[in-house]
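Asker: I'd like to go over a predicted model; first the sequence, then the structure.
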Amino acid sequence: MKQLALFILVIFISLCGCQDEKTDQHSLSHQQNKVTQNNGHNVIVILIDSMTEKVMDKGLKEGRLPALQYLIDHGTVFHDLVAPFPSMSVTIESTLLTGDSPDKHSIPGLNWYDETSDSLISYGDSISSMWKLGRNDVIDHTLSKLNNEHLNKNSTTIYESLKQKGLTTGSINMLVYRGDISHTLTVPAPFKTILQLESETIKTKGPDILAFGKAIQPEIKGDVPDGITERLGLTDRYSAEVIAQLIKDGQQPNFLMTFFPDFDKLAHHHGPYAIDHFSKVDHNVQTILNAYESWEEALSKNTFIVLGDHGQSELIDNKEAVGIDLESLISPYSVASLFESPSSGDIIIANNHRMAYLYLNNEELTFFRVGEQLLQDDRIEHIAWIENDEVVLQKQGLDGYLRFKEGGVLQDDYDQNWTLNGNRNIAHISITDNYINYNDYPDIFHQLDSALKSHNNTLIVTAKPGYTLKTEGAPVHVGGGEHGGLHKTDTLTSIIVSNKKNLPEKRRMIDLFDYFHTFFN
């Protein structure tokens, strides 16, 4: 997804002069000074794409992560932070910023089907799929509709909530950033014509400080790395240097969230434990700490929260076997080409790499029938759908079904109650005194329930660790890393908090929204 966001900006911004409305940034310094007198302690959240316990532990043992080591030594680290499902960045950021699951914030995945417009909604998957789905549509979805239309307006973002408390906020290179402040992208006339855009400007809403590569930049002193060779600012280095300059300029907001995208791309190609590549992340964390007179001062003025957005499954190094061809599995039923209307096929597939949504467009088909066909492949892990207000779950290699729904006497780690009927081994859980113990699939019931309820009637299919789902235009990283699935290799990540007192009790991303607020109560 990050590669395509880069491609979008290369096309869209390389010749454009992009600016914010003058009211966006000029009042921040005065407002920040006023708030700082009342609080004096800020929060910086660094979201590192694909950071996992294994790659971090390797780097720490080898002494290659001094900044992260410093934050851990003065704070606390946990390795059991649970991402929402599907474990794709756009869904994860939406949950992180709103405290809602996909059924509430309405961002079901990187790719999903909108039956009202009979279109596949994509926020960027690969160059080929973007071209076939329509480059203008993908650009429109990513740069405009994601934040201003698709993200449910009934879901309050952290930026909107803290603004109501009189606090200043900022977002650097986050894909999801909706706030109360108007920002304007200005598109040059040649690109307006090439991309067939209706207007030369795209208006969006964000926090007080908003930066997304070269597209939107705050008013800061000095130059930042945003040229063509610097991927137009969609890099860890850009994120770090913008934050460092904001600090030096006295423009740091009370709450600032930034995205470090670089390692995800490298992990896709080199595997999720490539420490030679992950160690570069630490240099950019150092850049932020070095913006202060000392690292001790940085910690005295801020709480740093550093977290991964998801894990990654290490894919097998076998080109013929690693990708599960969904179209072959559902044959003889058809799937429309990306050039065609999705509903022209019997089945519509929205591929999110290690999971996919399937939508039935043939009255002869049922979820049970399609599910049984998919489970013939032993690389498939789970099939799930909703029937009579219950989630029906199957697993390859296990007999029967597990049906579950919200409410009941069984309770889990997150104070959620469930009613279960059927083969519990399908969810790989154990139950003691009405208490659910999760194993390979942390928070599996809430994750599946919220994903299936996030939009209209759909079936979910997931791949076993080591494999990914293959459809037209979807990337397959042979021998590399991939995510999106339900297994703990996809959904578990790490979180570092630079203090030992105020710590998250429930370590799911859905719970961090409330946790962030505790620093400003």
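Answerer: Nice, I can see it.
Asker: Low-confidence bits of this structure, can you list those?
Answerer: Along the chain, segments meeting pLDDT under 70 span 1-40, 125-139, 185-200, 225-226.
Asker: What is whichever helix in it runs longest packed up against?
Answerer: In the chain, with assignment by DSSP state H, the single longest helix is helix 275-289. Applying 3 or more Cβ pairs under 8 Å, 6 or more residues apart in numbering; DSSP states H and E, one finds that helix 275-289 contacts strand 42-48, helix 53-61, helix 66-73, helix 236-248, helix 262-270, helix 295-301. Glycine gets a C-beta too; all of them are placed from N, C-alpha and C.
Asker: the inter-axis angle of the fourth one versus strand 42-48?
Answerer: Translated: helix 236-248. Following axes from the mean of the first three to the mean of the last three Cα atoms, to 10 degrees, one obtains 180 degrees for the angle between helix 236-248 and strand 42-48.
Asker: Check which element follows helix 236-248 along the chain.
Answerer: Scanning forward in sequence from helix 236-248 by DSSP states H and E, the next helix or strand is strand 255-260.
Asker: cool, and the last one?
Answerer: Taking DSSP H and E as the definition, the helix or strand that follows helix 295-301 towards the C-terminus is strand 302-308.
Asker: Pairing partners for the helix or strand just after that next one, with directions?
Answerer: Once the chain leaves strand 302-308, the next helix or strand it forms, by DSSP H and E, is strand 313-314. Strand pairing for strand 313-314, determined by DSSP bridges: strand 481-482 (antiparallel).
Asker: how far is the partner strand from where the chain is centred?
Answerer: 14 Å (Cα atoms, centre = their mean, to the nearest Å).
Asker: re earlier: which one of the helices and strands packed on helix 275-289 lies nearest to I496?
Answerer: Between I496 and the helices and strands packed on helix 275-289, the tightest spacing by Cβ to Cβ is seen for helix 66-73, at 5.2 Å.
Asker: So G397 sits against D378, correct?
Answerer: Yes. Between G397 and D378 a contact is recorded at 6.9 Å, counting by Cβ atoms under 8 Å.
Asker: Relative to the whole chain's centre, how far out is stretch 256-273?
Answerer: 12 Å.
Asker: Could you list the buried residues of that stretch?
Answerer: The neighbour-count check on stretch 256-273 (16 or more other Cβ atoms under 10 Å) flags 256-268, 270-273 as buried.
Asker: returning to what we had before: including distance to E364, could the helices and strands packed on helix 275-289 go into TSV?
Answerer: Listed next are those as TSV, based on distance: least, Cβ to Cβ, whole Å:
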stretch	distance to E364
strand 42-48	45
helix 53-61	46
helix 66-73	55
helix 236-248	50
helix 262-270	38
helix 295-301	63
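Asker: nearest to T471, of the ones you listed?
Answerer: Closest among the helices and strands packed on helix 275-289, using Cβ to Cβ: helix 262-270, at 17.0 Å.
Asker: Okay, angle between that closest one and helix 53-61 too, please.
Answerer: Using the same axes, to 10 degrees: helix 262-270 against helix 53-61 is 110 degrees.
Asker: Counting by contacts, list what helix 262-270 packs against.
Answerer: Helix 262-270 packs on helix 2-13, helix 275-289, strand 481-482, going by 3+ Cβ pairs under 8 Å, 6+ apart.
Asker: picking up where we left off before, contacts for the longest helix of the chain?
Answerer: Applying Cβ atoms under 8 Å, 6 or more residues apart in numbering, the contact partners of helix 275-289 are 44, 46, 48, 51, 55-56, 58-59, 62, 64-68, 70-71, 236-237, 239-241, 243-244, 247, 260, 262-263, 266-267, 270, 295, 298, 306.
Asker: do you know how far the residue most central in space within the chain is from N457?
Answerer: Central residue of the chain (Cα atoms, centre = their mean): S89, 1.7 Å from the mean position. Noted for S89: a distance of 26 Å to N457, by Cβ to Cβ, to the nearest Å.
Asker: and if you look at D100?
Answerer: 21 Å.
Asker: Among these two, which residue is more densely surrounded?
Answerer: Ranked by neighbour count (other Cβ atoms under 10 Å), D100 and N457 place D100 first, with 22 against 11.
Asker: Please work out how many residues are found near the residue nearest to that one when sequence neighbours are not counted.
Answerer: Closest residue to D100 apart from its sequence neighbours, by Cβ to Cβ, 6 or more residues apart in numbering: S155 at 4.7 Å. Neighbourhood size, S155 [other Cβ under 10 Å]: 20.
Asker: re the thing from before, indicate which one of the helices and strands packed on helix 275-289 is closest to D325.
Answerer: Closest among these, using Cβ to Cβ: helix 262-270, at 19.5 Å.
Asker: Contacts for that closest one, please.
Answerer: 2-3, 48-51, 55, 89, 235-236, 274, 277-278, 280-281, 312, 475, 477, 480-482.
Asker: swap the cut-off to 6 Å and go again
Answerer: The set of residues external to helix 262-270 that reach it, using Cβ atoms under 6 Å, 6 or more residues apart in numbering, is K2, D49, S50, T235, D236, H277, F278, V281, Q312, H477, G480, G481.
Asker: Could you count how many residues lie near the last one?
Answerer: Which is G481. Neighbour tally, G481, other Cβ under 10 Å: 26.
Asker: just checking, R403 is part of a helix?
Answerer: No. Remark: R403 does not belong to a helix; assigned using DSSP: H, G, I helix; E, B strand; the rest coil, it is strand.
Asker: so who does it touch?
Answerer: E390, V392, N421, G422.
Asker: Tell me if M174 really is in a helix.
Answerer: No. Assignment of M174 by three-state DSSP gives coil, placing it outside any helix.
Asker: how much space between it and N502?
Answerer: Taking Cβ to Cβ, one finds M174 at 23 Å from N502.
Asker: Check Y414 too.
Answerer: Y414 is 19 Å from N502, by Cβ to Cβ.
Asker: Over to I324?
Answerer: In terms of Cβ to Cβ, I324 sits 43 Å off from N502.
Asker: more neighbours, those two?
Answerer: I324 (22 against 11).
Asker: quick one: the more buried one and N147, what's the gap?
Answerer: To N147, I324 is 33 Å away according to Cβ to Cβ.
Asker: so what are the domain limits for the chain?
Answerer: As assigned by automatic domain parsing, the chain contains the domains 2-102+151-314+494-520, 323-479.
Asker: Packed most tightly, which of those domains would that be?
Answerer: domain 2-102+151-314+494-520 (a mean of 20; mean count of other Cβ atoms under 10 Å).
Asker: so how far is that domain from its chain's centroid?
Answerer: On Cα atoms, centre = their mean, the centre of domain 2-102+151-314+494-520 falls 12 Å from the chain's centre.
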